[in-house]
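Chemist: I need the structure of the sequence given here:
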Amino acid sequence: MSDKKNKIKLLVEKRKLVGRQVKLLRKDSVLPANIYGRKVKSLAVQVDLKSFLPVLKEAGEAGLVELKVKGEDKIRPVLIHNIQYHSVSDQPLHADFYQVNLKEKVTTKIPVELVGESPAVKSKVGILIQPLSEIEVEALPTDLPEKIEVDISKLENIDDAVLVSDVKLEETVKVLTDTTQILVKIDTPAKEEEVAPVEKEEDKEEGKEGETTEEGKEDSEGKEETKDEGKEGEKKEEKPKGK
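Modeler: Next up is the predicted model:
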C-alpha cells in the first residue's frame, strides 16, 4: 500500500446551466459536475477542466479531495465518482463528487497497481493475465488507500498467482471482494497456428475452380441430354385422344 499523500484540494463553482445547456460549458473547457451524499442536498457545480484533470490523476476514485465551493466557508470532503468520458477524445464529460462523513465508513473500489517484474514473463515461460484491476473495500474516508500495489516479482512458473487474500492492507481497511479471486496469474502462452504458404493455397483454389468448372460443364450437359431424352420419351408415349 502506498503512503498517504498530501491533501488534495479543488475549487468549484455553483452551476446554473443544466440539461442540454451544459454543452456550452464543455465548449469552454468547463466540466459539469454534481455534489451528492448521505444527508447531503444535491448541488450542481462546475469546474475548470484543466484544474480537474491533475486532481483526478492524483486522487483517482479512492483519494480524498478537499472540495471548496466558491461562496461557501466550509470544506467538503469528497470522493470522485461516476466519471463519464467522451467516446472519441476520452475527455471527461461529467463527474460526481460524493461528499463523505469523515466519521462514517464508506465503500469504494481501489485500483490495483502491479510492481516489479515477473521472471516467468521475462524468460518468456508464460504470459501475465490480470482478471481484477480493482478491489472493493470498506473504511473511513481518511483510511482509504489511493491504490493497492501488488508485487509480481515472485511469479516464476505457469499457474503462479496472487490472490486477493494475499494483499496486505491496514487493519482499518476491510476487503469486500471475494478473497479467493485471482488478481494476477501466469498463464501458458497461446500457440501460434500454422498457416500454409499463400502460393500453395492459391494453387489449390485454382485447381478446385478448374475441376469444378469442367465437372460442372459435363454434369450440366449430361443433365440437359437426360432432360431432352425424357421429354422425347414422354412425347412418344403420348396417345392421341379419341374424338
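
Chemist: could you pull out the helices for this protein?
Modeler: Ranges of helices in the chain, per DSSP state H, are 22-27, 49-59, 119-122, 198-237.

Chemist: comparing those, which gets the lowest mean pLDDT score?
Modeler: Least confident of the helices of the chain, judged by mean pLDDT, is helix 198-237 with a mean of 49.

Chemist: what about Glu13, how many residues close to it?
Modeler: 14 (other C-beta atoms under 10 Å). Where C-beta positions appear, they are placed from N, C-alpha and C, glycine not excepted.

Chemist: Please determine how far it is located from Val30.
Modeler: Note on Glu13: its distance to Val30, by C-beta to C-beta, to the nearest Å, is 9 Å.

Chemist: intersection of neighbour lists for the two?
Modeler: Common contacts of Glu13 and Val30 (C-beta atoms under 8 Å, 6 or more residues apart in numbering): 46-47.

Chemist: contacting residues for the closest residue to His86 other than its chain neighbours?
Modeler: Excluding its sequence neighbours, the residue lying closest to His86 (C-beta to C-beta, 6 or more residues apart in numbering) is Leu93, at 5.6 Å. Neighbour list for Leu93: 26, 31-32, 84-86 [criterion: C-beta under 8 Å, 6+ apart].

Chemist: and Leu93, what pLDDT?
Modeler: Per-residue pLDDT puts Leu93 at 95.

Chemist: picking that back up, sort out which of the contacts of Leu93 are buried, if you could.
Modeler: 26, 31-32 (16 or more other C-beta atoms under 10 Å).

Chemist: need the contact list for the spatially most central residue of the chain.
Modeler: Among the residues of the chain, the one closest to the centroid is Ser133, at 9.8 Å (C-alpha atoms, centre = their mean). Contact partners of Ser133, counting by C-beta under 8 Å, 6+ apart, are 111-112.

Chemist: Can you give me the distance of it to Thr142?
Modeler: According to C-beta to C-beta, Ser133 stands 24 Å off from Thr142.
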